[in-house]
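> I need the structure of the sequence given here:
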Amino acid sequence: MNFERMLTNAKQLEGCTVSIAGAADEEVIRAVKLATDHGLSRFILFGEAREIRKLCEQYGIDEAAVDILHAKGDVEIARRATLAVKNKEADVLMKGMVSTSTFMKAVLNREAGLRTKRTLSHIALFQIPNREKLIGVTDAAIHIAPTLEEKVEIIHNAVEAMHDIGYVSPKVAAIGAVEVVNPQMNATLDAALLSQMNRRGQIKGCIVDGPLALDNAVDMVAAKQKGINSEVAGQADLLVVPYIEVGNVLYKSIMYFAEASVAAIVVGASAPVVLTSRADTAEAKLYSLAFALLHAKN
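Have a look, this model is predicted:
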């Protein structure tokens, strides 16, 4: 699996609509242009209508591919964009130029939001130059210090999303600082329990192993040097991080040092949510949209 194949698969979907909260932004409109040029989706754009219309004209976006709805202020913009998804007018919700806290409050609103009984979590897929396959990281954005029970939900959410883009049984590495259980390191204890829960059928649809350090999770030579005999070691598809600091630093390290492309979504809500950063390129937003649409429609 790579982003080009993911984009090709998403283009084969029919009747897709994306609701964007805060579309009066050049990078957002560039992403809309890329998506409409690929025939990926149509869009409902919420925000300052005059500015959105000006940007759409500037980038030559087909008027038939977008609905522009005027809304003022982050709270109102986020509320109305979220409500469009809740009311089945759109399949995916995307964050544009609104504050993350306001946006997530709208998503989590019990009456007008997309909240379900499931735990929300974040999954990022990276396409790293000179690596043959994608690598996933979860959760780098929502859970600060997830409990064991929350880690089970985080894996469930991520694996379900990976199934929807074509993975049959993702190889999941529960990451720690070391690859052995250390009673003084809670991350290794949780990792060992997650691995055992997978073997007992409590976590399905994937292969989980841990604890694994980062090197022996993603590099076969490192795994062999440590003498690790595992279906996951050296060939992980998904890295489950123990804390948000680990995930955040890993995410940004892959982006800045490895110059990777990224596709990231929030899962566990009643519809996928594209929670992009202002620093994300239009291409990153496009790949995230493809990921979200495949998750929504499969």
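> Can you name the residues that contact Ile155?
Thr138, Val172, Leu194, Ile203, Cys206, Val208, Leu238, Val240 (CB atoms under 8 Å, 6 or more residues apart in numbering). Heads up, the C-betas are built off the backbone N, CA and C, glycines and all.
> And those, which two are furthest apart?
Spatial extent of the contacts of Ile155 (CB to CB) is set by the pair Thr138 and Ile203 at 13.4 Å.
> Who has more neighbours out of those two?
Using other CB atoms under 10 Å as the criterion, Thr138 and Ile203 rank with Thr138 on top: 29 against 20.
> Write down the beta-bridge partners of the more buried one, one by one.
For Thr138, the beta-bridge partners under DSSP bridges are Val240.
> and if you look at His70?
Beta-bridge pairing for His70 (DSSP bridges): Gly47.
> Contact partners for the residue lying closest to Cys16 once chain neighbours are set aside?
By the measure of CB to CB, 6 or more residues apart in numbering, the closest residue to Cys16 outside its immediate chain neighbours is Ser41, 4.1 Å from it. Counting by CB under 8 Å, 6+ apart, Ser41 touches Cys16, Thr17, Val18, Ala35, Asp91, Val92, Leu289, Leu293.
> Can you name the element that comes right after whichever strand or helix holds His156?
Applying DSSP states H and E as the criterion places His156 in helix 148-164. Later in the chain than helix 148-164, the nearest helix or strand by DSSP H and E is strand 171-175.
> phi, psi of Ala124?
For Ala124, the backbone dihedrals (degrees, to the nearest 10) come out as phi -120, psi 130.
> residue boundaries of the helices in this protein?
In the chain, the helices defined using DSSP state H lie at 3-11, 26-37, 49-58, 74-86, 100-108, 148-164, 186-199, 214-218, 220-225, 244-257, 282-297.
> Gln127 is nearest to which of the ones you listed?
Of the helices of the chain, nearest to Gln127 by CB to CB is helix 3-11, at 5.1 Å.
> So for the closest one, what gets flagged as buried?
Phe3, Met6, Leu7, Asn9, Ala10 (16 or more other CB atoms under 10 Å).
> do the same with stretch 203-212
Buried, per 16+ other CB under 10 Å, within stretch 203-212: Ile203, Gly205, Cys206, Ile207, Val208, Asp209, Gly210, Pro211, Leu212.
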